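*Asks:* how would this look folded up:
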Amino acid sequence: MLRSIKLMAISLAVTWQGYAQVQAPASTLHSDALHTAKPDYPTLYGTTKPEDIISVMNRVKSYLDKATPIKVVDKNTNAEISDYSKINMNSIVLKGDFSLTSYEWGVTYEAMLLAGEVTGDTSFTNYTTKRFKFLADVVPYFREVYKTNPQTSLRQIIAPHALDDCGAMCAAMIRATKSGLMRNTNLRPIIDNYINYIFTKELRLKDGTLARNRPLPNTLWLDDMFMGVPAIAQMGSLTGDKKYYDDAVKQVLQFSRRMFNKDLGIYMHGWVQEMETHPEFHWARANGWAILTMVELLEVLPENHPGRAAVLNQLKAHAKGLAAQQSGSGFWHQLLDRHDSYLETSATAIYTHSIAKAINRGWLDATTYGPMALLGWNAVATKVNEKGQIEGVCVGTGMGFDPAFYYYRPVNVYAAHGYGPVLLAGSEMIKLLKSKKFDLNDSAVIFSK
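*Replies:* Next comes the predicted model:
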């Protein structure tokens with residue numbers, strides 16, 4: 001009995017002490033000071049300036065200039081071949097850290113062009129124009145070698161056999177051509193070869209949706225929205241032919257009808273025609289390719305195109321879904337809705353770019369989405385090391401049907417998928433910060449209308 005009375009007395013004392021703390025006057029707790037105390041954010045918050053972004057982008061550019069040489073050499077002696085007419089069976093394009101003709105580098109070429117336009121620094125622009133000129137100059141000679149050696153350098157340009165080989169590269173080359181920067185270099189033969197593959201040779205379902213026969217027959221990869229649609233749309237812009245716009249819109253809407261989860265506002269990675277139930281894995285980078293596709297399509301799609309409103313509505317639905325999945329650090333997770341999967345850099349950069357671009361173009365509201373984009377950029381900037389390499393990027397990833405496949409994909413600075421997106425993100429964020437003002441209101445980032 002005595003023990004019970006003591007315990008009750010202790011409980012009452014603790015309760016009273018807690019009540020007293022809650023009821024303590026504001027002056028005792030220094031509430032004003034606590035309200036304005038600086039949080040321990042893991043990245044910059046509310047202080048980002050365009051010059052900070054340019055500094056990060058310059059590190060990336062400096063690294064890539066050294067890491068991607070433009071040179072033909074003899075594979076046996078490593079001697080440089082400067083007279084391209086002497087290219088033969090022993091000639092190869094000198095290997096750097098990254099391929100000059102991969103889809104990842106198509107994104108990087110586009111990003112360098114945009115960075116040059118936004119910053120006024122022609123060294124970004126020259127990165128792309130020099131390499132495109134090099135490719136245009138040497139491809140005719142390697143094409144002759146290809147006739148007897150199908151494994152020669154630049155096979156992806158000469159004889160593409162997948163959307164990965166040609167889509168992003170084609171779109172970037174069309175952009176360069178339209179810009180007038182390639183006046184003395186004719187990229188059209190390469191562009192036409194690429195678009196011929198995309199438009200006439202890639203597998204399609206009966207309704208025309210771009211597809212693959214791996215890992216299973218009649219499979220849709222969300223990645224292929226980006227691997228095909230921007231090039232098709234850019235071809236419409238280059239030629240004025242409506243058939244390209246029509247096909248680009250059709251692709252986005254038919255992929256979305258099958259693969260977009262309306263409840264979550266995000267896409268599944270893969271869809272197989274013969275499967276009744278699809279295991280939904282909402283892989284981050286594939287969702288990045290999807291939203292990037294939509295902003296790139298809307299960029300060139302005529303205002304009066306009958307499919308424009310549907311694409312814009314799909315972009316808005318996806319942006320809303322992505323906003324709900326952003327982590328407190330600014331990154332997004334490898335599997336978007338599985339928050340115990342790792343934080344991934346390339347997807348975060350793609351979302352940052354796409355959201356910022358959509359704000360800059362008037363498709364999304366700055367007050368709603370500006371803080372999301374700024375937080376994303378500040379996260380991405382922490383992953384660019386002093387060498388200009390980008391950390392935390394998931395390596396190339398196929399389609400999986402179990403979570404472990406995605407959870408344990410490695411990350412590596414030599415995963416090429418992060419470089420173009422980081423430069424794209426930086427460029428659009430510079431434009432956003434110059435055109436839209438933000439302030440700290442009660443310590444929170446607020447973009448004005």
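*Asks:* confirm L440 sits in a strand?
*Replies:* Yes - the assignment for L440 is a strand, going by DSSP: H, G, I helix; E, B strand; the rest coil.
*Asks:* run through the bridge partners of it.
*Replies:* Applying DSSP bridges to L440 yields these beta-bridge partners: V445.
*Asks:* can you check the pLDDT for it?
*Replies:* The model reports L440 with a pLDDT of 91.
*Asks:* isn't it right up against P39?
*Replies:* No - look at L440 against P39 with CB atoms under 8 Å: they stay out of range, at 11.6 Å. Backbone N, C-alpha and C define where each C-beta goes, glycine included.
*Asks:* these two: which has the busier surroundings?
*Replies:* Using other CB atoms under 10 Å, the more surrounded residue of L440 and P39 is L440, with 11 against 7.
*Asks:* and the gap between that one and E51?
*Replies:* Applying CB to CB, to the nearest Å, the value for L440 to E51 is 19 Å.
*Asks:* what do you get for H339?
*Replies:* Here the distance between H339 and E51 works out to 34 Å (CB to CB).
*Asks:* so which of those two has more stuff around it?
*Replies:* Taking other CB under 10 Å, H339 and E51 do not tie; H339 has more neighbours (11 against 8).
*Asks:* just to confirm, which helix or strand has that one in it?
*Replies:* H339 is part of no helix or strand, with elements assigned from DSSP states H and E.
*Asks:* what is the burial count for the residue nearest to S85 when sequence neighbours are not counted?
*Replies:* Excluding its sequence neighbours, the residue lying closest to S85 (CB to CB, 6 or more residues apart in numbering) is Y141, at 6.8 Å. Neighbour count for Y141, taken as other CB under 10 Å: 20.
*Asks:* give the contact list for Y141.
*Replies:* Neighbouring residues of Y141 by CB atoms under 8 Å, 6 or more residues apart in numbering: Y84, S85, I87, S91.
*Asks:* my guess is the first one meets L135, correct?
*Replies:* No - because the distance of 11.3 Å does not satisfy CB under 8 Å, Y84 is recorded as not touching L135.
*Asks:* the two: which has the busier surroundings?
*Replies:* A direct count of neighbours by other CB under 10 Å for Y84 and L135 places L135 higher, at 21 against 15.
*Asks:* sec struct for the more buried one, please.
*Replies:* helix.
*Asks:* could you give the mean pLDDT of the helix or strand where the residue nearest to S85 lies?
*Replies:* Using DSSP H and E, the element containing Y141 is helix 122-146. The pLDDT scores in helix 122-146 average 98.
*Asks:* show the low-confidence segments of the stretch 1-150 of the chain, by residue range.
*Replies:* For the stretch 1-150 of the chain, the stretches flagged by pLDDT under 70 are 1-32.
*Asks:* can you map out the strands along it?
*Replies:* When assigned using DSSP state E, counting those that start in this stretch, the strands of the stretch 1-150 of the chain occupy the ranges 72-74, 91-93.
*Asks:* so which of these is the most packed in?
*Replies:* strand 91-93 (a mean of 20; mean count of other CB atoms under 10 Å).
*Asks:* partners of it in the sheet?
*Replies:* The strands beside strand 91-93 in its sheet (DSSP bridges) come out as strand 72-74 (antiparallel).
*Asks:* gap between the partner strand and the chain center?
*Replies:* 33 Å (CA atoms, centre = their mean, to the nearest Å).
*Asks:* mind listing the strands for the stretch 251-400 of the chain?
*Replies:* 260-261, 266-267, 270-272, 332-333, 343-344.
*Asks:* after the helix or strand hosting L220, next one along is what?
*Replies:* Secondary structure from DSSP H and E places L220 in strand 219-221. Per DSSP H and E, strand 219-221 leads on to helix 223-239 as the next helix or strand towards the C-terminus.
*Asks:* so Y197 touches D165, yeah?
*Replies:* Yes - if you go by CB under 8 Å, Y197 and D165 touch, sitting 7.5 Å apart.
*Asks:* so what's the residue lying closest to L64 once chain neighbours are set aside up against?
*Replies:* For L64, ignoring the flanking residues on the chain, the nearest one in space by CB to CB, 6+ apart is Y419 at 6.3 Å. The contact partners of Y419, taken as CB under 8 Å, 6+ apart, are V60, L64, F98, E104, V107, T108, A111, I390.
*Asks:* list the contacts for the second one?
*Replies:* Contact partners of L64, counting by CB under 8 Å, 6+ apart, are F98, T108, Y127, G388, Y419.
*Asks:* burial measure for the fourth one, as a count.
*Replies:* Residues near G388, counting by other CB under 10 Å, number 21.
*Asks:* list the buried residues for stretch 319-333?
*Replies:* Buried residues in stretch 319-333, counted by 16 or more other CB atoms under 10 Å: A319, G321, L322, A323, Q325, Q326, S329, G330, F331, W332, H333.
*Asks:* of those residues, which belong to helices?
*Replies:* Secondary structure from DSSP state H places A319, G321, L322, A323 of the buried residues of stretch 319-333 in helices.
*Asks:* what's the first-to-last distance across stretch 194-214?
*Replies:* This stretch, stretch 194-214, spans 21 Å end to end (CA to CA, to the nearest Å).
*Asks:* repeat that for stretch 138-152.
*Replies:* 12 Å.
*Asks:* got the buried residues for it?
*Replies:* Neighbour counts over stretch 138-152 (16+ other CB under 10 Å) mark V138, V139, Y141, F142, R143, V145, Y146, T152 as buried.
*Asks:* once you drop chain neighbours, what's closest to E104?
*Replies:* In space, E104 comes closest to A416 once its chain neighbours are excluded; the distance is 3.7 Å by CB to CB, 6+ apart.
*Asks:* show me the shaky parts of the stretch 151-300 of the chain.
*Replies:* Applying pLDDT under 70 to the stretch 151-300 of the chain flags no residue at all.
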